[in-house]
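[1] have a look; sequence and predicted model below, questions after that.
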Amino acid sequence: MRSVRTVVRTLIAVFLALAGPLLAAPAVQAFGQEVHQQSFRTEAAASHRLTISIDRVSPNFATPTSTVKVSGTLTNHTGSAITGLVVQLLTSSQYMRYRSEMDGFTSGSTTLFLVPAGVPDTLPATLASGATVRWTVSFRPALAAYQFFGVYPLEVQATSSVSAAAATDKTFLPFWPATGRPQPLNIGWVWPLIDQPQQGACWQTLATNSLAGRLGPRGRLGTLLATGGEWTLQDHLTWAVDPALLSDATVMTKKYYVGGSAACTDRVPELPSTAASKWLSELGADTANSEMFATPYADADVSALTHAGLDQNLRAAYHVGKSVAGKILPGTFGTNGAGTGDGGTAWLADGTADASVLTSLARDGGIRTAVLASGALPSTAGPYDNALGRTTTGIGTSMGVLMADSQLTSIIGSAPAGSSAAAQFRAVQDYLAETAMILAEAPSLTRSVVVAPPRHWNPPAAEATKLLALTFKAPWLRKVGLSSLAAAASHLKSHGSPPGHRVSKAELGEDYLNQVRAVNENLALFKDLLYQPSQSLLQTYDAAVAATTSVAWRGAGSVRGSLALTQLGDYLTNSLKQVKIITGKKLLLAGTSGETPVSVQNLLSWAVQVRVVATLPAGSQLSVGKLELMTVPPGTTPTVRMSVQSTAIQTTTMQLQLVTKNGSPLPWTALSLSVQVTRYGRALLVLIAAALGVLVLASVARWIRRSQADGKADGRSGGTG
């Protein structure tokens, strides 16, 4: 009897489709209500004991001449065998009117009037508990009275003639008619190549070796590059690339190290990575004629840095990012970051930005277009979604806004690598149906949509390929690069303003950014200490700091971020302490003045420039000669002589310390020198002078006496002769 009822239902559906929707409306409504109520009852009775999943619709969108095959799996979780299973497909001649109606159909909150379509699939006599079987149902959309462009609902029901077990699954089918076709919808894709930054301050060293697997052909970044490279020209992809990823991959092309301490010791050596070399080579080749923009170095958290007032970090991240991207991809960005790659586009994490963030982007990053999420600005199409907008920044410049569709972002990120075939199918089919629905809501309006996957998107290769292939094939989509959409946005009038102040809970926190401030101070002191450092050396440290401010350290990544920040702070502290003063603890000054030797030891690999300064206690009668700046080569300990004068006999303790060329003190170099003034030297000179005087007087007296004695003797001698 159930099979007879099924055949009757099918015949009624065909009759209603051929008779026309208007004539059949009352009958369709009544029958649809009955079917929907039955579907609801069977779902409730199933209680997840029988599971049916759709994992394929072929073709993914229908035309008037199509025969559509819907297939999937049915799994028995009831604990006992089930017989008499039949899978029936249901649809409607009425297309969906709004995107919200699609959501309601999926969740079951919207009532639709569905009728059977195609011939049911009667499954094998018995399905054992725990077993899975495939099913297929075919139907012709023309017989189901599909007439107009739009998105139509599909539902499959599995029921048993001898059991209460039942299950349902739902999906959508876009329909492209022979006539009455709307103008295509402009669609632009952001294709992300972003990862966790790996480099700190140690040369040729990565924090972990996780990137090696991700760059391989089966890794996340290998999959994104291979799939994007295959479809980049057909779909006009716009690549979003983190320069830190380029730098990390470049490090791996030579012998490199992993892990280690803040002193760059205990590192594990690694051989050059073939995967990294191949990935970089393919990136340059695959994207040679594609649009691309670079994030700030390490995908720095622009919003968090702005809200914390760390504008110098944002400027440094953009400067380093442009330089690195230009050197590694000179054909795209130019060696100075001024090539054909777009340096004027920013993609904000979470798609959120307030007025201060947009102002910082314009002032510190030279940004002209911001990619945000849906609803960042009021839609220029009224109640309908449109990606294009324009606003004015706090410095008076115009900024285009491209609003990536948040629902599409969620859909395509819903089935990461390792997901089931059914989950991957849902992501692909829902994406396709959503794009059709956006156009079908208001087909007479000229609108655009931007698709931006999750930042660290990890799709299965098959899913990523399918998404891009369907983007290319869908006749209602006109594929454009983000530069075209940005140009169109630049011609709009400023329409609405971003929120005056919006801080996402996901941003890097205040305590974390206070640690960044401390590292900033140490780095500024270290730069001031170095003598004529190269730009590449300074850039290395700026990059290391930028790597600690990455969006990757939000949420679950905070532990890795804190570790990188602590290690960089320790590295700078240890490096600064490699420059120190060497001198005695006590100076004995026998006279009013004297000199003492002071040595400066530099254990760094770079020359430093410092000055020795002495600080005397208030009221001291001791004075010290000023020493000039010393340039201390790496690995040396030169000595200077410091003059000391005193006007009193006393013991004075003075403080010696090194300062940088700009006068910044190096606190750890401070030491005490006790100066004792005895003036024993002057007293000794007086005694010597007195002794010499006595000696001279004694000598003169002896000489006089001798002269007188000689005169008397001569007189006596003359008188006798």
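    Right, received. Where do you want to start? Numbers count the residues shown, from 1 in each chain.
[2] center of the protein - which residue?
    residue 299 (3.1 Å; C-alpha atoms, centre = their mean).
[3] list the contacts for that one?
    Residue 299 makes contacts with 194, 197, 242, 244, 349, 455, 550, 551, 552, as judged by C-beta atoms under 8 Å, 6 or more residues apart in numbering. In this view, the C-beta of every residue, glycine as well, is placed from N, C-alpha and C.
[4] and if we set it to 7 Å?
    Counting by C-beta atoms under 7 Å, 6 or more residues apart in numbering, residue 299 touches 194, 242, 550, 551, 552.
[5] save those as JSON lines, and put in pLDDT and distance to residue 462 too.
    Putting the contacts of residue 299 into JSON lines (pLDDT from 0 to 100; distance: C-beta to C-beta, whole Å) gives the following:
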{"residue": "194", "pLDDT": "98", "distance to residue 462": "22"}
{"residue": "242", "pLDDT": "98", "distance to residue 462": "25"}
{"residue": "550", "pLDDT": "98", "distance to residue 462": "30"}
{"residue": "551", "pLDDT": "97", "distance to residue 462": "28"}
{"residue": "552", "pLDDT": "97", "distance to residue 462": "26"}
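[6] and those residues, which is closest to residue 93?
    residue 194 (44.8 Å; C-beta to C-beta).
[7] mind listing the strands for the stretch 601-721 of the chain?
    For the stretch 601-721 of the chain, strands defined by DSSP state E, counting those that start in this stretch occupy the ranges 608-615, 622-624, 630-632, 639-646, 651-660, 671-677.
[8] ugh, wrong one, I meant the stretch 301-450 of the chain
    345-347, 369-373, 388-392, 398-404, 448-451.
[9] who touches the second one?
    By that I understand strand 369-373. Against strand 369-373 from outside (C-beta under 7 Å, 6+ apart): 190, 344-348, 350-353, 358, 361, 399-404, 406, 450, 452, 486, 489.
[10] list the pairing partners of that strand within its sheet, with orientation.
    strand 345-347 (parallel), strand 398-404 (parallel) (DSSP bridges).
[11] then the third one?
    Here the strand partners of strand 388-392, with direction, are listed using DSSP bridges: strand 398-404 (antiparallel).
[12] mean confidence score for the strand it pairs with?
    Regarding strand 398-404, the rounded mean pLDDT is 95.
[13] buried stuff in it?
    For strand 398-404, burial by neighbour count (16 or more other C-beta atoms under 10 Å) applies to 399, 400, 401, 402, 403, 404.
[14] same question, stretch 140-148
    Buried residues in stretch 140-148, defined by neighbour count with 16+ other C-beta under 10 Å: 140, 141, 142, 144, 145, 146, 147.
[15] quickly list the domain ranges of the protein.
    Split into domains by automatic domain parsing, the chain comes to 2-175, 185-490, 510-576, 580-677, 681-708.
[16] with distance to residue 503 as extra columns, can I get those in a markdown table?
    Below are those laid out as a markdown table (distance: least, C-beta to C-beta, whole Å):
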| stretch | distance to residue 503 |
| --- | --- |
| domain 2-175 | 29 |
| domain 185-490 | 6 |
| domain 510-576 | 10 |
| domain 580-677 | 33 |
| domain 681-708 | 70 |
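[17] of those, which is nearest residue 502?
    That would be domain 185-490 among the domains of the chain, by C-beta to C-beta, at 4.1 Å.
[18] straight-line length of the closest one, end to end?
    By C-alpha to C-alpha, to the nearest Å, the extent of domain 185-490 from end to end equals 19 Å.
[19] all helices of the stretch 151-300 of the chain, in order?
    210-214, 220-235, 243-251, 274-286 (DSSP state H, counting those that start in this stretch).
[20] any idea which of the ones you listed is most buried?
    helix 243-251 (a mean of 25; mean count of other C-beta atoms under 10 Å).
[21] got the contact list for residue 393?
    With contacts defined as C-beta under 7 Å, 6+ apart, residue 393 is in contact with 358, 359, 362, 399.
[22] what's the answer for residue 550, then?
    With contacts defined as C-beta under 7 Å, 6+ apart, residue 550 is in contact with 197, 298, 299, 300, 301, 561.
[23] name whatever forms a beta bridge with it.
    residue 300.
[24] again, but for residue 675
    Where residue 675 sits in a bridge, its partners, by DSSP bridges, are residue 587, residue 652.
[25] over to residue 530?
    For residue 530, the beta-bridge partners under DSSP bridges are residue 608.
[26] surely it meets residue 602?
    No: the pair residue 530 and residue 602 does not pass the contact test of C-beta atoms under 7 Å, sitting 10.5 Å apart.
[27] which of the helices of the stretch 151-300 of the chain sits closest to residue 584?
    That would be helix 243-251 among those, by C-beta to C-beta, at 45.8 Å.
[28] measure residue 238 to residue 371 for me?
    Computed as C-beta to C-beta, to the nearest Å, the residue 238 to residue 371 distance reads 9 Å.
[29] wait, residue 124
    From residue 124 across to residue 371, the span is 51 Å (C-beta to C-beta).
[30] can you check residue 541 too?
    Distance from residue 541 to residue 371, by C-beta to C-beta: 30 Å.
[31] just want to know which of the two has more residues nearby.
    residue 371 (27 against 24; other C-beta atoms under 10 Å).
[32] what's near enough to touch the nearest residue to that one once chain neighbours are set aside?
    Nearest non-adjacent residue to residue 371, counting by C-beta to C-beta, 6 or more residues apart in numbering: residue 347, 4.2 Å away. Contact partners of residue 347, counting by C-beta under 7 Å, 6+ apart, are 190, 240, 295, 371, 452.
[33] try it again with 10 Å
    190, 192, 194, 238, 240, 293, 295, 299, 302, 369-372, 402, 404, 450, 452, 455, 482 (C-beta atoms under 10 Å, 6 or more residues apart in numbering).
[34] repeat for residue 447
    Neighbours of residue 447 in contact, by C-beta under 10 Å, 6+ apart: 183, 185-186, 379-381, 384-388, 438-439, 441.
[35] roughly how far apart are it and residue 660?
    In terms of C-beta to C-beta, residue 447 sits 58 Å off from residue 660.
[36] same deal with residue 122?
    Look at residue 122 and residue 660: by C-beta to C-beta, they are 86 Å apart.
[37] neighbour count: the two, which is higher?
    Neighbours of residue 122 and residue 660, each counted by other C-beta under 10 Å, are more numerous for residue 660; the result is 22 against 14.
[38] for that one, which non-adjacent residue is closest in space?
    Closest to residue 660 by C-beta to C-beta, 6+ apart is residue 528, at 4.1 Å.
[39] per-residue confidence at the one you found?
    In this prediction residue 528 is given a pLDDT of 97.
[40] secondary structure element for it?
    When elements are assigned from DSSP states H and E, residue 528 belongs to helix 510-529.
[41] what's the next helix or strand after that helix packed up against?
    Next along the chain after helix 510-529, taking DSSP H and E as the criterion, comes helix 535-547. Secondary-structure packing of helix 535-547 (3 or more C-beta pairs under 10 Å, 6 or more residues apart in numbering; DSSP states H and E): helix 243-251, helix 311-328, helix 510-529, helix 558-576.
[42] need the winner for burial among these.
    Most buried of these, by mean neighbour count (mean count of other C-beta under 10 Å): helix 243-251, with a mean of 25.
[43] let me see the contact set for residue 232.
    189, 191, 225, 238-239, 286-292, 468, 481.
[44] just the buried members of those?
    189, 191, 225, 238, 239, 286, 287, 290, 291, 292, 468, 481.
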